[in-house]
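[1] When you get a sec, could you give me coordinates for this:
(chains A and B)
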There are 2 protein chains.
Amino acid sequence: MAGPEHLVPSFLFVLAGILLGAKLLGELAERIGQPAVLGELLAGVFLGSGALGLIPASGPIAEVLSILAELGVLVLLFEIGLETDLREMRKVGGSAMTVAAVGVVLPFLGGYLYWSHVPHGMGTPDTLQSAAIFIGAALCATSVGITARVLSDLARLGSVEGRIIVGAAVLDDILGLVILTVVSGIAAGGQISPVGTAKIFAVAVGFLVVAIAVGGWVAPRVFRSVARMKVQDAVPVLALAICFALAALADRAGSALIMGAFAAGVILARTDQYHAIVERVRPVGALLTPIFFVSVGSALDIHLLDPTRPGGAKLHLIALGLTLIAILGKVAAGFAVPWARFRRLAVGVGMVPRGEVGLIFADIGRRSGLLTDDAFSVVLLMVMGTTFVAPPLLKLLFRGEAPVPVAAPPT
Amino acid sequence: MAGPEHLVPSFLFVLAGILLGAKLLGELAERIGQPAVLGELLAGVFLGSGALGLIPASGPIAEVLSILAELGVLVLLFEIGLETDLREMRKVGGSAMTVAAVGVVLPFLGGYLYWSHVPHGMGTPDTLQSAAIFIGAALCATSVGITARVLSDLARLGSVEGRIIVGAAVLDDILGLVILTVVSGIAAGGQISPVGTAKIFAVAVGFLVVAIAVGGWVAPRVFRSVARMKVQDAVPVLALAICFALAALADRAGSALIMGAFAAGVILARTDQYHAIVERVRPVGALLTPIFFVSVGSALDIHLLDPTRPGGAKLHLIALGLTLIAILGKVAAGFAVPWARFRRLAVGVGMVPRGEVGLIFADIGRRSGLLTDDAFSVVLLMVMGTTFVAPPLLKLLFRGEAPVPVAAPPT
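    The predicted structure follows:
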């Protein structure tokens, strides 16, 4: 009975609608042979302010939902961390790094050149260069959340391809963080030095290394005591507390929230409570992660898809070009490692979804005035295209193979 | 990465601190033979703005926490509903109703007479009557959340006493709702007719009856389909969606949120997915309900306990008198059913905690200006006293008996 009383009932209706929509469309997706996450994204599109309007785009309910969605993506990355065997990951480390680097450079250059040369007629000549940098940046990031969830739906997180994709997507988040900082500086009208850029990169990588090294030594010792606690549910609740605390710590250290959650999972996978944590955290993730995917879907305005509105057809055409660059740039990255053996096309396609990360870049660009509303819409369409095309393609590419759900539990 | 970025890291630190504090002090409580919920309430007092200051009393983080706490109490009531066997409950229905009615009337009269006759010197003569009504109202409600959690910690939810207490506490919430509406009307300076009061009562009871009757017929049929769904975690997620939707519906119908959550639990206990729901919802409750209890604790300012501050000793004395009335009124209710056989003292003590419900009344009184800050502090001390005294007393009263955790699963 606490809190802002009038907000809560409306919020509960929205929450119930999100969960119901996620499961119904998730079921529909699975019935037609697609990953459930595709259904959750579509549920968001239908429930969003552009369509049925159940999920508000702003206001207090939207803010609470965005925080629950954030908790959802943190729990998801925590679970991915739990399932990540560092030794297995290290074996594909070189491949993942190359895929990540090429998958950032190619789309950035492609997006930048496309926007500065194609006659789109959006924005003024003096903001063209900055806008092109934004467009390029929006093409860089990989949504590790969506990609990992698709792999999990397809039971391929433990395959060589799955490990390369997750590894590269995590590295992409480090690179995305650097780019975000640089681009935010441009939006604020400032200059970023190469030294400053290198420092951001070093902090982001450094946090991951230090957290896993220190935590990997401390956590098994602490959780031997936690397992002996008499109070109920100490193991899963304290595991989640560590996940949230490390996420916040990562942010304070200049890294990203999801890096901390991922590191927490990697660390706790080494405790003797591994199985209890996986089993008891899963229902929490089952409740929270659909909120994230439905929220991502709800950010996409279905009206943008209407080609009959004024300028709609041209906008679609420009967006189509950008989407193709976005897809090709990442797919090419899958072929950037000639010395290793894996399904290159599957890895490339796995890197394609831009999801919420692309949306964040676009939003900063719009709020700073460097991207016009139309240019923002183009980025939105690109994000939609890449996010929706990858799940069914991955499903197709992995067809007929035996499932490899997760790495063996660490010993 | 969505949402108000700067808020999220601070929020995550607070959340991690709440979970850690709840488990550490919960463990401490159990080690010294007390229910874990006592430790969670104390963790709130220590982490609250009156002490360590980790949990803010207002602002965006406090609002998000209050909504998570609300979700926590809803999941808790949902779980209690799942464990409620209506046939067993009906057997104690008469006793529960009598205990509830006496436990509302006696404390109200006691509180009203105490405040209008004891020379406390708080407030002006012309607001004395209204203030006394508020004080009486704050003494009526039973915190079903705290009471049920204590019984659950002690593994006594399924005992005759446990069923009477939970039944009476749920009825108390219906009565509390009526009183809340009447008292809010007084605070707004209006008049409430007997007909209006009767109508509020009828709606609150009617919702519970209709929801359980209709839902009890529909849910088993729906969940036979849900159990056949291919998408993962459909059963627990849709169960929670129903819990949240029914809570919101109860509020819209003029009943209380927690009634809807309780009804949802009672309804879903009749499905063939009962065991799956109980097992998969529990980790969600384990995460969310400590947030509720720690929040309740954090509302209590530890400085109020300082008897050396000016007027502190007198305030303590007046609060002590009110607390005794609050305790005796509920304990007497336990003896109001001479024709039935149960441990009367245990039932009476089980009704004692006022928890968050008493705080809500007091808060409305303060905001309307009818209660002075000192009078509000007195109510706070009463709430603290009743909430902290019941868990150890119940533990003592149930000592040496075999645990009766929950009713047999319904068939």
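[2] what distance separates whichever strand or helix holds A:Val170 from the middle of the whole chain?
    Using DSSP states H and E, the element containing A:Val170 is helix A:160-187. Mean C-alpha position of helix A:160-187 versus that of the full chain (Cα atoms, centre = their mean, to the nearest Å) differs by 10 Å.
[3] again with stretch A:137-152
    Centroid separation for stretch A:137-152 versus its chain: 4 Å, with Cα atoms, centre = their mean.
[4] then it to CSV, C-alphas only?
    Coordinates of the C-alpha atoms in stretch A:137-152 are reproduced here as CSV (Å, rounded to 0.1, in the frame of the first residue of the first chain):
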residue,chain,number,x,y,z
ALA,A,137,28.2,5.2,-34.7
ALA,A,138,24.6,3.9,-34.6
LEU,A,139,25.7,1.2,-37.0
CYS,A,140,28.6,0.0,-34.8
ALA,A,141,27.0,-1.6,-31.7
THR,A,142,25.7,-5.1,-31.4
SER,A,143,22.8,-5.8,-29.0
VAL,A,144,24.4,-8.5,-27.0
GLY,A,145,21.0,-8.9,-25.2
ILE,A,146,19.1,-9.8,-28.3
THR,A,147,21.8,-11.9,-29.9
ALA,A,148,22.5,-13.9,-26.8
ARG,A,149,18.7,-14.5,-26.2
VAL,A,150,18.3,-15.7,-29.8
LEU,A,151,21.2,-18.1,-29.3
SER,A,152,19.7,-19.3,-26.0
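[5] What mean pLDDT does that stretch get?
    Taken as a whole, stretch A:137-152 has a mean pLDDT of 83.
[6] does any part of that stretch sit near chain B?
    No: taking Cβ under 8 Å from any Cβ of the partner chain as the criterion, stretch A:137-152 and chain B are apart, separated by no less than 9.2 Å. For the C-beta atoms, the positions are set from N, CA and C on the backbone; glycine is no exception.
[7] Tell me which helix or strand comes right after the helix holding A:Val170.
    By DSSP H and E, the next helix or strand past helix A:160-187 is helix A:194-226.
[8] helices or strands up against that following helix?
    Contact partners of helix A:194-226 among helices and strands, from 3 or more Cβ pairs under 8 Å, 6 or more residues apart in numbering or on different chains; DSSP states H and E: helix A:160-187, helix A:234-252, helix A:257-268.
[9] and that helix, what's its mean pLDDT?
    So the average pLDDT for helix A:194-226 ends up being 86.
[10] angle of that helix against helix A:234-252?
    Orientation check (axes from the mean of the first three to the mean of the last three Cα atoms, to 10 degrees): helix A:194-226 against helix A:234-252 gives 170 degrees.
[11] List the buried residues for helix A:194-226?
    A:200, A:203-204, A:207-208, A:211-212, A:215-216, A:219-220, A:223, A:226 (16 or more other Cβ atoms under 10 Å in any protein chain shown).
[12] Which one of those residues is nearest to chain B?
    Nearest to chain B among the buried residues of helix A:194-226 is A:Val226, at 8.4 Å by Cβ to the nearest Cβ.
[13] Could I get the contacting residues of that closest one?
    A:234-235, A:238, A:273 (Cβ atoms under 8 Å, 6 or more residues apart in numbering or on different chains).
[14] Same question for A:Val278.
    Counting by Cβ under 8 Å, 6+ apart, A:Val278 touches A:79, A:82-83.
[15] repeat for A:Leu246
    A:Leu246 neighbours (Cβ under 8 Å, 6+ apart): A:211, A:215, A:260-261, A:263-264, A:267.
[16] hmm, try it at 10 Å
    With contacts defined as Cβ atoms under 10 Å, 6 or more residues apart in numbering or on different chains, A:Leu246 is in contact with A:74, A:78, A:81, A:207, A:211, A:215, A:253, A:257, A:259-265, A:267-268, B:12, B:16.
[17] Kindly provide the distance from it to A:Leu74.
    Distance of A:Leu246 to A:Leu74, given as Cβ to Cβ, to the nearest Å: 9 Å.
[18] same question, A:Gly167
    19 Å.
[19] The two: which is more packed in?
    Each of A:Gly167 and A:Leu74 has its neighbours counted (other Cβ atoms under 10 Å in any protein chain shown); A:Leu74 has more, 30 against 23.
[20] Can I get stretch A:84-100 as PDB, trimmed to CA atoms?
    The C-alpha trace of stretch A:84-100 is given here as PDB (Å, rounded to 0.1, in the frame of the first residue of the first chain):
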ATOM      1  CA  THR A  84      30.300 -18.500 -19.900                       C
ATOM      2  CA  ASP A  85      33.300 -20.800 -19.500                       C
ATOM      3  CA  LEU A  86      36.300 -18.400 -19.600                       C
ATOM      4  CA  ARG A  87      38.700 -21.200 -20.700                       C
ATOM      5  CA  GLU A  88      36.400 -22.000 -23.700                       C
ATOM      6  CA  MET A  89      36.000 -18.300 -24.300                       C
ATOM      7  CA  ARG A  90      39.800 -17.800 -24.300                       C
ATOM      8  CA  LYS A  91      40.100 -20.400 -27.100                       C
ATOM      9  CA  VAL A  92      38.000 -18.200 -29.400                       C
ATOM     10  CA  GLY A  93      39.300 -14.900 -27.900                       C
ATOM     11  CA  GLY A  94      41.400 -14.000 -31.000                       C
ATOM     12  CA  SER A  95      38.500 -14.700 -33.400                       C
ATOM     13  CA  ALA A  96      36.000 -12.800 -31.200                       C
ATOM     14  CA  MET A  97      38.300  -9.800 -31.000                       C
ATOM     15  CA  THR A  98      38.900  -9.700 -34.800                       C
ATOM     16  CA  VAL A  99      35.200 -10.100 -35.500                       C
ATOM     17  CA  ALA A 100      34.400  -7.300 -33.000                       C
END
